[in-house]
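K.L.:
just to be clear, the model below is a prediction. Sequence and coordinates:
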Amino acid sequence: MNALHRRTFLKQAGLSAATLPFITGLPSLGLAAPARPRQRLVFMFSPNGTIPKAYWPDETGTDFQLKEIMTPLADFKDRMLVLNGVCNKVKGDGDSHMRGMSCLLTGIELFPGNIMGGGGAPAGWASGISIDQEIKNFLQSKDDTRTRFGSLEFGVGVTDRADPWTRMSYAGANKPVAPISDPYQMYEKLYGQMKDKENLQSVLDTVKGDLQRVGKLISAADRRLLEEHQALVRQMEQEIANAKQQKLHAAPPTLGEGVADQNDNLPRLSRMQIDLLVNSFVNDMCRVATLQFTKSVGGARMNWLDIKEGHHALSHEDKDEAVAAKLVKINKWFAGELAYLVQKLATTPEPGGEGMMLDNTLVVWTNELGRGSSHTLDNIPFLLVGGAPGFKMGRSLQLDKVAHNRLHLALALAMGHRLETFGKAALCDGGPLKLG
């Protein structure tokens, strides 16, 4: 039954919308919707371009070999889709780092502004919504895919300053969404704030009355299910009375204490954030997430890799063999963090379903540049890992300089959201990329 039919039933029966989750599984009411896996989407970002010869496979199709940067993902070769030839074709204000970052997920120009970029190229914020927030809004608009947060934006080593180099998610034109870079702050957001108990009790009072009314409309066979729902309401009331929070599907992860949001702690901060991200998926707090490592022009010093120079400074010298070797090492570390995320998803059972969470989660690893020294927005690294409807994984593809807007259309379609255009309409010719 579609959402309109369910709303009509609620109106005709004089029931509250809060009652719907308790009655959709009663067969004699005909409200049950076919169970579908929870489809999830993650965008992971790392900055300053890649080293093409150490990243892109030489072969296309299913018989391809991983280059050095991607070797940490070897166990997931048959679950990945490597897309070479995807380009950010958005022109206009700002330098390549600014447009690379703030147009990465929006696919539309930056507003004119007074934030000065490299080479004297000023710009403002992006002039449209980002694809993660577009998909979030779509999922939040439906009863069967609405979650507590809709989306969560995780950061690792993102500076406090706010400008087009630091923001890739946008709630709309001129509305950048700041990632939360402190895992303790994210933990508090996820688990520290409970719903107002008085308001929740009011909702339960309404539901309790509605369930009594529904008892007159259903078959005898359904009364046992209804009694179970009524027992659940009583249990929730008891939990409120005892000041206990509603049980989570999985307990929050344990975070180490006193890990400051500082450069040398990035490896520990990364794992803490990834653990929180996966846990938020397990508990169905959101179905869209971003994981942003540093920022465009990110100058992290990877001391844990025995690299003392800043990442961005190195990227300008990537044609030097010794420097390129360091950049390969840095990007390989990012691949290792992606592997940690993917491994957790691959070993966590799908809550309430079959298989593992990775089966229904698509992780997109990307960058704001194709290569640091040239600042090119062509051949932006896009590596997809996991599973999504319509995507055939285990392949390396060479595309003909397609606009990344078309990839965003394909991602939206995989999440059930059919869009004719996204971002700059002129860059959507050809429609969603066909990746099946």
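P.N.:
Everything's here; your move. Numbering: from 1, shown residues only.
K.L.:
apart from its chain neighbours, what residue comes closest to T366?
P.N.:
F382 (5.3 Å; Cβ to Cβ, 6 or more residues apart in numbering). Glycine gets a C-beta too; all of them are placed from N, C-alpha and C.
K.L.:
what about that neighbour, how many neighbours?
P.N.:
19 (other Cβ atoms under 10 Å).
K.L.:
next one: G336
P.N.:
The local packing of G336 (other Cβ under 10 Å) involves 15 other residues.
K.L.:
just checking, what packs against the strand or helix carrying it?
P.N.:
Taking DSSP states H and E as the definition, G336 sits inside helix 321-346. Packing partners of helix 321-346 (3 or more Cβ pairs under 8 Å, 6 or more residues apart in numbering; DSSP states H and E): strand 40-45, helix 266-282, strand 286-293, helix 311-315, strand 361-366, strand 382-386.
K.L.:
by how many degrees do the second one and helix 321-346 diverge?
P.N.:
Pointing back at helix 266-282 there. Counting by axes from the mean of the first three to the mean of the last three Cα atoms, to 10 degrees, helix 266-282 points 30 degrees away from the direction of helix 321-346.
K.L.:
pLDDT on helix 266-282, on average?
P.N.:
What helix 266-282 shows for mean pLDDT is 96.
K.L.:
same for whatever helix or strand F138 lives in, what does it pack against?
P.N.:
Here F138 sits within helix 131-140, counting by DSSP H and E. Secondary-structure packing of helix 131-140 (3+ Cβ pairs under 8 Å, 6+ apart): strand 40-45, strand 150-156, strand 169-172, strand 286-293, helix 404-414.
K.L.:
before we move on, back to that, for the helix holding G336, what is the distance to the chain centroid?
P.N.:
Distance of helix 321-346 from its chain centroid, counting by Cα atoms, centre = their mean, to the nearest Å, is 19 Å.
K.L.:
avg pLDDT for it?
P.N.:
Per-residue scores along helix 321-346 average to 98.
K.L.:
stretch 220-236 now?
P.N.:
65.
K.L.:
equivalent analysis for stretch 59-70, please.
P.N.:
Mean pLDDT, computed over stretch 59-70, is 98.
K.L.:
quick one: contacts of that stretch?
P.N.:
50-51, 53-58, 73-74, 77, 82, 328, 331-332, 335, 383, 394-398 (Cβ atoms under 8 Å, 6 or more residues apart in numbering).
K.L.:
shaky segments in the stretch 301-436 of the chain?
P.N.:
Filtered on pLDDT under 70, the stretch 301-436 of the chain yields no residues whatsoever.
K.L.:
so V86 sits in a strand?
P.N.:
Yes - judged by DSSP: H, G, I helix; E, B strand; the rest coil, V86 forms part of a strand.
K.L.:
quick one, phi psi at the nearest residue to R79 once chain neighbours are set aside?
P.N.:
Among residues not flanking R79 along the chain, M393 sits closest, at 5.2 Å (Cβ to Cβ, 6+ apart). Reported as degrees, to the nearest 10, the phi and psi values for M393 are phi -90, psi 180.
K.L.:
any idea how far L397 is from the spatially closest residue to H316 that is not a sequence neighbour?
P.N.:
The shortest distance from H316 to any non-neighbouring residue, by Cβ to Cβ, 6+ apart, is to S373 (5.7 Å). Distance of S373 to L397, given as Cβ to Cβ, to the nearest Å: 25 Å.
K.L.:
could you do T421 as well?
P.N.:
Per Cβ to Cβ, T421 is found 23 Å from L397.
K.L.:
how about L369, what does it touch?
P.N.:
So L369 contacts P47, N48, G49, S96, H97, G100, S296, S315, H375, T376, L377, I380 (Cβ under 8 Å, 6+ apart).
K.L.:
can you tell me the SS state at it?
P.N.:
Criterion first, three-state DSSP; result for L369: coil.
K.L.:
just give the nearest non-adjacent residue to it, would you?
P.N.:
Per Cβ to Cβ, 6+ apart, closest to L369 is G49, 3.7 Å.
K.L.:
which SS class is that neighbour?
P.N.:
Secondary structure for G49, judged by three-state DSSP, is coil.
K.L.:
count the neighbours of it for me.
P.N.:
G49: 30 neighbours (other Cβ under 10 Å).
K.L.:
hang on, it packs against D378?
P.N.:
No - applying Cβ atoms under 8 Å as the test, G49 and D378 come out as separate, 10.8 Å apart.
K.L.:
what residues are shared contacts of these two?
P.N.:
G370.
K.L.:
helix or strand for T106, which one?
P.N.:
Using DSSP H and E, no helix or strand contains T106.
K.L.:
for it, give me its contacts.
P.N.:
A126, S127, G128, I129, S130, I131, Y170, G423.
K.L.:
and it, how far from R99?
P.N.:
Distance of T106 to R99, computed by Cβ to Cβ: 10 Å.
K.L.:
same thing with I51?
P.N.:
For I51, the distance to R99 - Cβ to Cβ - is 22 Å.
K.L.:
count of neighbours near T421?
P.N.:
For T421, using other Cβ under 10 Å, the count is 16.
K.L.:
with V214 instead?
P.N.:
By other Cβ under 10 Å, the residues close to V214 number 20.
K.L.:
how about it, phi and psi?
P.N.:
phi -60, psi -30.
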